[in-house]
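Undergrad: return atomic coordinates for the entry below.
(chains A and B, ligands or ions: 2)
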Amino acid sequence: MSELSAEEIAKRERDSAIPFVDLRDGARGVLTWAQMDGDDLADAAIELIGEATRIAQHLDEDSRTIYTVIIGRKTSQFTDKLIHHGADVVYVIEDERLTDYLTLPFTNAMVSAIREIKPEIALMSASTLGRDLAPRIAGILDLGLSADCTSFEVGLYVNRRKNQKFEKAFKMVRPSFGESKLATIVGPWCYPQMATARPGVFKPLDIDTSRTGKVIEFKPEWESKDFDVELIESVRNPSTIDLSKADIMVAGGFGMGKDGFGLLRELVDAINDNGQKAEIGASRAAVDAGFVDYAYQIGQTGKTVRPSIYVAIGISGAIQHLAGMKESSKIFAVNNDHKASIFKNADYGLVMDYQEAIPELIKQVKAGYKFPLDK
Amino acid sequence: MSELKYPKLDLNIYVLIKQVPMPKAMKTTAEGLMDRTGKSMMNPHCSHALEEAISLKDKVGGTVTALSMGPPNAKQSLMEALRRGADRAYLLSDRKLAGSDTWSTAEALSKTIEHISNGDALDVLFAGLQTIDGDTAHVGPQCSARLELNQVTYVESVDIFDDKTLKVRRIIESGYQILKVPLPVMLSVSHTANVPRGPSLNSSMSALNKEIIMYNIGEVGLPETSAGMTGSPTVVSRVKNVVHDRGAIVLFTEGSTEERVSNLLTALKEETS
Ligand SMILES: Cc1cc2nc3c(=O)[nH]c(=O)nc-3n(C[C@H](O)[C@H](O)[C@H](O)COP(=O)(O)OP(=O)(O)OC[C@H]3O[C@@H](n4cnc5c(N)ncnc54)[C@H](O)[C@@H]3O)c2cc1C
Ligand SMILES: Nc1ncnc2c1ncn2[C@@H]1O[C@H](COP(=O)(O)O)[C@@H](O)[C@H]1O
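TA: Ligands and ions are numbered 1, 2, ... in the order given. All right, here's what the predicted structure looks like:
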């Protein structure tokens, strides 16, 4: 393309004089945390192994082993699955008391495993559990940590201030400033270079049942205070219904109230009677208020859907809700507050009370209106 | 009769408050750091953390100490905290702190807490779930690791279990956990936990007589090697803008309800066909 500016040439010359450094001090391989949700393996567990494998290809040859740590009550049943999805060495930590995630025992287990394995990179899921665990580990081991990453690279990094050049620095890319910017974070001074990775973003490897690996039963030294915090109740809603089959999703929020959800149901029924596949969706606030079951929750801690049409009614448009529906082909919002942020993330909008909008929608659907679908 | 429900515990409560740029004023400097010279406000999650701190104090008694690290104008948010009912406020402010990542922010805040409490054990440390400029949700847990506190993040409700334990509800994927947590503990509070109160007349009056105590890093015993860019294990190497591919919204504002709804439905159909 265009010729380099004098300034750019001078900068490159200066950079070429900066010496390469390698501060890894024996740290090798990529470690992942295989998250459990209760007694089930979370999808994030195999997503991370997939990404770790892709990252490892760009590291030195002696640093491509994928170590996966799994912690919980019934973990050994999952070792084959982890290996078939790309793990080379699985550290299994099994204890009857670990019925669910608890900060301190999980931190102790991970810290012990990291000290033993000494990886170059460590990855955890940016779930509500991973974002509890990772910073606690970073605080104890004095590590850098990058939150909620959506892509990773390995490559040259020049730090002019410190006069250092790294050949294979881990570059952790994350949305910041309310998703408006992408920041690249590096920290090739402390090992492992650690990050949490947003669930659902990274692809697992195809399963290969012929893959073999090593399983290590690992026993951290529990401290009595590790179990000071007691789990009284843990509610995880089993995903019994499949929202992904609906072409039209009609979602209600806190602004709908319990009665509003009755109207919403009528609208969904009318669309279905008209020969199109519709289903109810909801915000977390609506679920928490008891208007509808958790199974219908859309968003970061609910389901991710991509229907042809997403109708958001009485939903403010919080980032955690958007996370679950922003890939929908067309988004149509009804809200009586014109400042609601859902309007910044929709294609069509009505600034209107739901009590006016829904009956009218029902009427038009009953009169034969069909929503345009992708396929 | 709600006052009778709770024992008097006199808790030593801290709350971490960060002052952040207003979303519209968010810019980065040439070096990729946050420009903190524009209009700013109390980080929204911190406001929910403060609310939780004050309502806990209202239930069982104690003191609420608000603490911030940032430029001198962060006093604004601390003053706001006093007007809402915090008892004392401290600001750690030092040029050498510029460029701190979450590890060194937590190191600095923890050192300051140790300095202020001076042996008078902390019971509950509240933090916001995350900030709107950093979005990391790290600083709370990193402080709790440094100070060896129990830890619950994504907190939605806080209640008293008995005089040494709290009952805390936290968000998890597809549901929630309820935990019985012994003191001392760090709780990072979600915006879904409460609706923050405004300033009260009483607190605003007494805030007038209060001073926000300022420290530099030397005074709290934070070595220069742990502070700011020098002490941070990570740096931002690059920042770029995200481009959104969804176009501007079309609003239907003209006509009767019936017309507006049907215009929308027609437009939807025409565009996609
Ligand atoms: C870790 C974490 C995970 C989360 N996960 C999720 C998730 O998976 N999914 C999710 O949805 N949220 C999630 N949240 C919560 C999220 O941040 C918001 O709090 C939530 O989405 C708000 O729901 P809402 O829009 O229904 O309620 P509100 O924010 O209360 O909004 C209600 C809206 O209804 C409008 N309204 C009121 N009355 C009417 C009327 N008569 N007619 C029309 N409009 C009306 C109001 O103007 C307002 O915009 C999560 C939060 C955290 C911290
Ligand atoms: N500079 C700071 N001063 C005071 N509290 C902070 C600071 N930075 C972070 N915190 C606290 O840590 C929480 C999480 O911040 P973050 O890790 O930046 O997302 C915030 O909501 C605050 O409670």
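Undergrad: from here on, just use CA atoms for contacts and neighbour counts.
TA: Fine.
Undergrad: quick one: the strands in the stretch 51-200 of chain B, in order.
TA: Using DSSP state E, counting those that start in this stretch, the strands of the stretch 51-200 of chain B run over residues B:62-69, B:88-92, B:124-128, B:150-162, B:165-172, B:175-182, B:185-189.
Undergrad: same for the fifth one, what does it pack against?
TA: Identification of packing neighbours for strand B:165-172 by 3 or more CA pairs under 8 Å, 6 or more residues apart in numbering or on different chains; DSSP states H and E yields strand B:150-162, strand B:175-182.
Undergrad: stretch B:179-193: end-to-end distance?
TA: 15 Å (CA to CA, to the nearest Å).
Undergrad: near ligand 2 at all, it?
TA: No - Stretch B:179-193 does not reach ligand 2 (CA under 6 Å from any ligand atom); its nearest approach is 7.2 Å.
Undergrad: would you mark the buried spots in that stretch?
TA: B:179-193 (16 or more other CA atoms under 10 Å in any protein chain shown).
Undergrad: hang on, the earlier thing: can I get the strands of the stretch 51-200 of chain B in CSV with mean pLDDT?
TA: As requested, the strands of the stretch 51-200 of chain B are arranged in CSV below (pLDDT from 0 to 100):
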stretch, mean pLDDT
strand B:62-69, 98
strand B:88-92, 98
strand B:124-128, 98
strand B:150-162, 96
strand B:165-172, 97
strand B:175-182, 97
strand B:185-189, 98
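Undergrad: tell me how many other residues crowd the spatially closest residue to B:Ala227 that is not a sequence neighbour.
TA: Counting by CA to CA, 6 or more residues apart in numbering or on different chains, B:Ala227 lies nearest to B:Leu97, which is 5.3 Å off, once chain neighbours are set aside. If you count neighbours by other CA atoms under 10 Å in any protein chain shown, B:Leu97 ends up with 25.
Undergrad: now A:Gly26
TA: By other CA under 10 Å, neighbour count at A:Gly26 equals 12.
Undergrad: the nearest residue to A:Lys366 once chain neighbours are set aside is in what secondary structure piece?
TA: For A:Lys366, ignoring the flanking residues on the chain, the nearest one in space by CA to CA, 6+ apart is A:Ala270 at 6.3 Å. For A:Ala270, the host element (DSSP states H and E) is helix A:257-273.
Undergrad: ligand 1 contacts on the stretch 51-200 of chain B?
TA: Proximity of the stretch 51-200 of chain B to ligand 1, by CA under 6 Å from any ligand atom, involves residues B:190, B:192.
Undergrad: if I look at the nearest residue to A:Leu267 once chain neighbours are set aside, how far off is B:Asn263?
TA: Spatial nearest neighbour of A:Leu267, chain neighbours left out: A:Ile362 (5.2 Å); criterion: CA to CA, 6+ apart. For A:Ile362, the distance to B:Asn263 equals 15 Å [CA to CA].
Undergrad: likewise A:Ala318?
TA: 27 Å.
Undergrad: so for those two, which sits in the more crowded spot?
TA: More crowded of A:Ala318 and B:Asn263, by other CA under 10 Å: B:Asn263, with 16 against 13.
Undergrad: wait, doesn't that one sit right on B:Phe252?
TA: Yes - counting by CA atoms under 8 Å, B:Phe252 is a contact partner of B:Asn263 at 7.3 Å.
Undergrad: all helices of the stretch 101-250 of chain A, in order?
TA: Here the stretch 101-250 of chain A has its helices, by DSSP state H, counting those that start in this stretch, at A:103-117, A:130-141.
Undergrad: picking up where we left off before, model confidence over the helix holding A:Ala270, on average?
TA: Taken as a whole, helix A:257-273 has an average pLDDT of 96.
Undergrad: what is that helix packed up against?
TA: Right, helix A:257-273 is packed against strand A:248-252, strand A:278-282, helix A:354-366 by 3+ CA pairs under 8 Å, 6+ apart.
Undergrad: now those in TSV, with distance to A:Ile140?
TA: TSV is the format used below for the helices and strands packed on helix A:257-273 (distance: least, CA to CA, whole Å):
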stretch	distance to A:Ile140
strand A:248-252	42
strand A:278-282	39
helix A:354-366	50
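Undergrad: any chance of these in TSV, plus mean neighbour count, distance to ligand 1 and mean pLDDT?
TA: Shown next, in TSV, are the helices and strands packed on helix A:257-273 (neighbours: other CA atoms under 10 Å in any protein chain shown; distance: least, CA to the nearest ligand atom, whole Å; pLDDT from 0 to 100):
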stretch	mean neighbour count	distance to ligand 1	mean pLDDT
strand A:248-252	27	7	98
strand A:278-282	26	6	97
helix A:354-366	17	4	97
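Undergrad: between the ones you listed, which one is nearest to B:Thr112?
TA: strand A:278-282 (43.0 Å; CA to CA).
Undergrad: which residues are in contact with whichever helix or strand comes after the closest one?
TA: Downstream of strand A:278-282, the first helix or strand assigned by DSSP H and E is helix A:284-288. Contacts to helix A:284-288, defined as CA atoms under 8 Å, 6 or more residues apart in numbering or on different chains, come from residues A:252-254, A:256-257, A:292-294, A:296-299, A:302, A:321.
Undergrad: with stretch A:209-222 instead?
TA: With CA under 8 Å, 6+ apart, stretch A:209-222 has contacts from A:79, A:83-84, A:86-93, A:105, A:108-109, A:112-113.
Undergrad: what residue spans form the domains of chain A?
TA: Domains of chain A are assigned by automatic domain parsing as A:14-227, A:243-366.
Undergrad: so for B:Val168, which of those sits nearest?
TA: domain A:14-227 (13.0 Å).
Undergrad: need the distance between the two termini of the closest one.
TA: 54 Å.
Undergrad: same question, stretch B:217-233
TA: Stretch B:217-233: ends 18 Å apart by CA to CA.
Undergrad: that stretch and ligand 2 in contact?
TA: No - using CA under 6 Å from any ligand atom, stretch B:217-233 stays clear of ligand 2, with a minimum separation of 11.1 Å.
Undergrad: how about the strands of the stretch 101-250 of chain A, start to end?
TA: A:121-125, A:145-149, A:151-159, A:164-176, A:181-186, A:193-197, A:214-217, A:230-236, A:248-252.
Undergrad: which other residues reach the fourth one?
TA: Which is strand A:164-176. The contact list for strand A:164-176 (CA under 8 Å, 6+ apart) reads A:18-22, A:58-59, A:121, A:146-159, A:181-188, A:193, A:195, B:133-135.
Undergrad: from those, list the buried ones, please.
TA: Of these, these count as buried by 16+ other CA under 10 Å: A:18, A:59, A:121, A:146-152, A:154, A:157-158, A:182-188, A:193, A:195, B:133-135.
Undergrad: next up, phi/psi of B:Arg246, please.
TA: phi -80, psi 130 (degrees, to the nearest 10).
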